[in-house]
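Undergrad: model the structure of this input:
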Amino acid sequence: MARIKQDPAIEAAQLARRAEDTFLALALHDVKDEFAAEFIEAEMRWKAADEAFADVVPSTRAGTLLKLQALLELLRAGGACDDSLEVRHVRALSRYVSASAAPTRTAGAFLSPA
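TA: Modelled structure (predicted):
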């Protein structure tokens with residue numbers, strides 16, 4: 001069977017496409033690894049901060065607002081700007097908790113007779 005020879009321009013374009021696909025796959029893999037490491041570190045910091053606050057800050061609306069304020073300060077100390085998604089998210093949570101009409105109770109309030 002005779003083999004049909006392809007145009008050299010088509011072969012070059014296909015080779016360039018394969019090289020681009022390989023490059024993008026490697027770059028995406030590196031970015032995913034970097035983000036995964038940052039998310040794991042952020043989660044560990046959140047757990048450490050939560051444990052540090054557990055004995056000091058009560059489980060009330062005021063305690064939640066204190067935790068959110070501390071988180072906002074940590075984000076800013078870490079270099080997050082005021083327009084970053086994280087800072088805007090914490091601010092929105094703070095406004096939601098502040099405006100929440102439902103009263104918050106500690107676990108002990110449910111156990112004590114009314």
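Undergrad: which of the helices and strands in this protein ranks last by mean pLDDT?
TA: Between all helices and strands in the chain, the lowest mean by mean pLDDT, DSSP states H and E belongs to helix 107-111, at a mean of 45.
Undergrad: and the nearest residue to residue 81 once chain neighbours are set aside, how far is that from residue 19?
TA: Leaving aside its sequence neighbours, residue 81 sits nearest to residue 87 (CB to CB, 6 or more residues apart in numbering; 7.1 Å). (Glycine included, C-beta is placed from N, CA and C.) When distance is defined by CB to CB, to the nearest Å, residue 87 is 40 Å away from residue 19.
Undergrad: the helix or strand containing residue 86 packs against which elements?
TA: In this structure, residue 86 sits in helix 85-99 according to DSSP states H and E. On a contact count with 3 or more CB pairs under 8 Å, 6 or more residues apart in numbering; DSSP states H and E, helix 85-99 meets helix 61-77.
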